[in-house]
Structure formats: structure tokens, C-alpha cells
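J.: Kindly generate the corresponding structure for this input.
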Amino acid sequence: MRVIDADLLVTGRDAPPIEDGRIVIDEEDGTIDEVGTQEDVSATGDAAHEAHPVVTPGLIDAHLHLTGARSMDPMQWVIESSELGAARATADLRDLLAAGFTSVRDVGSQTGLGLRDAVAEGSIPGPRIYTSAQSISQTAGHGDSHFLPYEWVSGGERGIGTLADGPDECRKEARKRIRDGVDVLKIMTTGGVLSEKDAPDQSQFTDAEVQAFVEEAHRVGIPVASHAQGAPGIKTALRNGVDTIEHGFYLDEECLDLFEETGATFVPTLAIMYRLIEHGADHGVPEYGLEKSREASESHFDAVERAYDAGIPIATGTDFLGPELVPHGENALELELLADEVGMDEHDVLQSATRIAARTVPDDDVGTLEAGNRADVLALGSDPLEDISAVRDVEAVWTDGAAVEF
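T.: Presented below is the predicted three-dimensional model:
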């Protein structure tokens, strides 16, 4: 057994934090045995015992890419080998752990499945990985490498996406991902910022195509995430059963109504847009990407504010890739933007990075500190409920009850 005491214990649940809290961890199976006050939860004499100012659940980044990218040039993403990307991504995983992220959702990479399994078997250190492997895009969609000949792209051997057109192809691509063992299916129902020849407000995939993806994924209990930036594509995704909306630049009232009706989760990814606008020009981001980012910025923040006011579940996700502009390890930026720019309450922000982010993955035993859940725990030296940037003040991290060596 291991006992962790905290002056303030934030459980991740929608309940007040516990003063003078205590967690008891069963180190044999990596789960939480008891949670409560130090008065109510006894500490056995032979248990390892330590204390910290603040303890929270391990953080979750619900939208990133484990590609090992080190450039913001989309051409480099295509021509560099997946083996090099996987090697670099192992370093990114260590940085994520050191930053307090104990679970991540990789929504578009060639390396995610291998990295997931290597972490799970203990061969490399890293957060728990839930992965979609490569995303699925329509031809000329956000996941298509527009700057290359179609014949070079259609095989799907490079980049973050493969192509599918028509319900039958979409259904087959979904089944291929299921065959590979993905944890989530990632599709793209609008254009995007870093794709050359489309735009965020352009809808992609038809109702029938999205229905095919969702039917196949839900049949085997896998959630579906959609890159969806403009309102028409967001509504196509929500009407047809997609579980999470990624980015969501332009939300109208009908979008908000559909979120409420379907119970879908919103993953805004403010952090990458913020970095693109502030520093993208210094890091080789193509001009078309900079221009589209600037055009969408005000609407993006407004959309997140309106979603928050409407009570839509908001999960933290950065869309970080690994380059110097958007490096893994700096993922706490998303929490800071939700608090400082959107105006979310700090406790709500922490739930966004724990309990709410856990809604985006198939497991139901992560995201909160409660008996029976996995012992993914973060110890902080200062109080994030006073200043959310305290999530950067990491003192210790545990995954499945095991202490992380920094």
C-alpha cells in the first residue's frame, strides 16, 4: 500500500475539494483503495507514506498527435519516416509524464498503436495512450496532402490521414481501424487551417458517410471523434452520432442545441491556435495556415465561451505535435487559456482536464480519484484553484500507482 496525504485533495469530481485529504493506493493492482479525509481514512503502519500541498487526478490531453514531428512544414510530415517519428515521440511521452499528463488521446498518427502497446507493456515510459491511428478524410479533405499528386496520397502510407469516399469505402476504412485495434475512430467533417486547399467552414463527408463510420465504431464500443471547425460540418457530425467535436471554431445556436441533445463532448484545442497566431510565422507555418488561423481566432474563443455558458462538456486538448512551436510538455497551456481567456472557473478547468476529458476515451476508470479507479495521481506544490498555472508546479506523478521517475 501507498498513502498520499494532501493539504487539498481535488478529486476531479463535480464536488468540493477535500481539505486534509488522503488517498490509499493498492500498488499491486495499481488502483485506488480509499479516498477521503485523513481523519476518516486510516493509514496502515507499513505503507509508504508521503504528503504534498495539493493532489489531483493525473491530467488528460484529449487531443494531440504522437507523430514525433519536429517541423511545422506539412511536407516534412509526409516525407519523414514513421520510424523516426516513433523514436522522437518516445521522448515526447517522457515530457508529457513530467508535465503531469497520465493519459492522452492520440487522434491522428502512424505511430500511436505501437507507442500505446510499448507503454502498456512497460518497454517505454509514458502516459496511457488511447489512439485512433491515422485519421480518415475524404479526398480533397483536411487529411489529404493537397500539395502532392493524388497517386502519392491515395495509398495512405504517409501523413496523419487516409482517404475514403462514399459510404462503402468509409465503412471499410472504419473496419480496417477496428481490425488494427484502435481505441477511437477519427474522421474529418470540415476543412481546416493547415490543409492547403480547403477552409474551416467547408463541410466534408455526407450524412451517409458519417453514419457508416459511426455504425461500425459504435457496434464495437469505440467512440468517434470528428475534426469539425465550421457549423455545417459540426452539425453533420452531431446529427449522425459522433461522440466528440474537435476544434469547433464556429458554433451557432443549432450546434449548441445538438450538443445538449446528443450529450457530445467539445474539445476546443485553443492552445495550437494561440501558438499559431502568436509565433507561427517564426516557425515555418505556411501563410495559408496563418491567415486562416487569424480569421478564426475571435470566433473560436467566442464559441468556447458560449459552449461553457450553455453547460456543454468541454475537455482539454492541445492539438500539439512535437515541434518547438507546439511541444509536448507544454500542454498545460490549454488549461491556462480556458481559465484566463475563456473565463472558466479554475475548478471547472481541472475537471475539463480530468473527469470531462475522460469522457472521450472508452475506459471508465480514469479521470477521477475514487475507489476502484486507476491510481493516476498528480502532486502539485501550489494551488491550481487559486491560479491555474500551478498545474505546472509538479512535485510527483503516479501512473497505475507507480511513481514516475523524472
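J.: what about the closest residue to Arg94 other than its chain neighbours, how many residues close to it?
T.: Leaving aside its sequence neighbours, Arg94 sits nearest to Pro125 (C-beta to C-beta, 6 or more residues apart in numbering; 5.7 Å). Every residue, glycine included, has its C-beta placed from N, CA and C. Pro125 has 18 neighbours, counted by other C-beta atoms under 10 Å.
J.: So Pro125: helix, strand or coil?
T.: Here Pro125 is recorded as coil under DSSP: H, G, I helix; E, B strand; the rest coil.
J.: shouldn't it be in contact with Ala91?
T.: No: Pro125 is beyond contact range of Ala91, at 10.4 Å (criterion: C-beta atoms under 8 Å).
J.: hang on, the earlier thing: ramachandran coordinates for the residue nearest to Arg94?
T.: With angles defined as degrees, to the nearest 10, Pro125 sits at phi -80, psi 150.
J.: wait, what's in contact with it?
T.: Neighbouring residues of Pro125 by C-beta atoms under 8 Å, 6 or more residues apart in numbering: Leu93, Arg94, Leu97, Val119, Val404, Glu405.
J.: swap in Ala86?
T.: Going by C-beta under 8 Å, 6+ apart, Ala86 touches Gly68, Thr111, Gly114, Leu115.
J.: Going along the chain from the lowest-mean-pLDDT helix or strand in the chain, find the next helix or strand for me.
T.: Ranked by mean pLDDT, DSSP states H and E, the weakest helix or strand in the chain is helix 150-153, scoring a mean of 76. Sequence order places strand 161-163 as the next helix or strand after helix 150-153, per DSSP states H and E.
J.: what's in contact with that following strand?
T.: 108, 134-139, 141-144, 153-154, 156, 173, 188.
J.: Any of those residues buried? List them.
T.: 108, 134-138, 141-144, 153, 156, 173, 188 (16 or more other C-beta atoms under 10 Å).
J.: So which of those residues belong to helices?
T.: Counting by DSSP state H, the buried ones among the contacts of strand 161-163 place Val153, Glu173 in helices.
J.: what separates the one residue sitting closest to the centre of the chain from Ala396, distance-wise?
T.: The residue lying closest to the centre of the chain (C-alpha atoms, centre = their mean) is Ala62, at 1.5 Å. To Ala396, Ala62 is 23 Å away according to C-beta to C-beta, to the nearest Å.
J.: cool, and Pro223?
T.: Note on Pro223: its distance to Ala396, by C-beta to C-beta, is 31 Å.
J.: These two - which one has more neighbours?
T.: Taking neighbours as other C-beta under 10 Å, Pro223 and Ala396 compare with Pro223 leading, 23 against 17.
J.: and the more buried one, how far is that from Val35?
T.: The spacing between Pro223 and Val35, counted by C-beta to C-beta, is 27 Å.
J.: separation between Gly280 and Pro200?
T.: Gly280 sits 16 Å away from Pro200, going by C-beta to C-beta.
J.: Next: Asp29.
T.: 45 Å.
J.: Which of those two has more residues huddled nearby?
T.: Taking neighbours as other C-beta under 10 Å, Asp29 and Pro200 compare with Pro200 leading, 26 against 11.
J.: which residues touch the nearest residue to the more buried one once chain neighbours are set aside?
T.: Distance criterion C-beta to C-beta, 6+ apart; nearest residue to Pro200, sequence neighbours excluded, is Gln229 at 3.6 Å. Neighbouring residues of Gln229 by C-beta under 8 Å, 6+ apart: Thr190, Gly191, Gly192, Val193, Pro200, Asp201, His247, Gly248, Phe249, Tyr250, Ala296.
J.: pLDDT score for Gln229?
T.: Gln229 is assigned a predicted lDDT (pLDDT) of 98.
J.: Quick check on it: phi, psi?
T.: Per-residue torsions, Gln229: phi -110, psi -40 (degrees, to the nearest 10).
J.: repeat for Asp180
T.: phi -70, psi -20.
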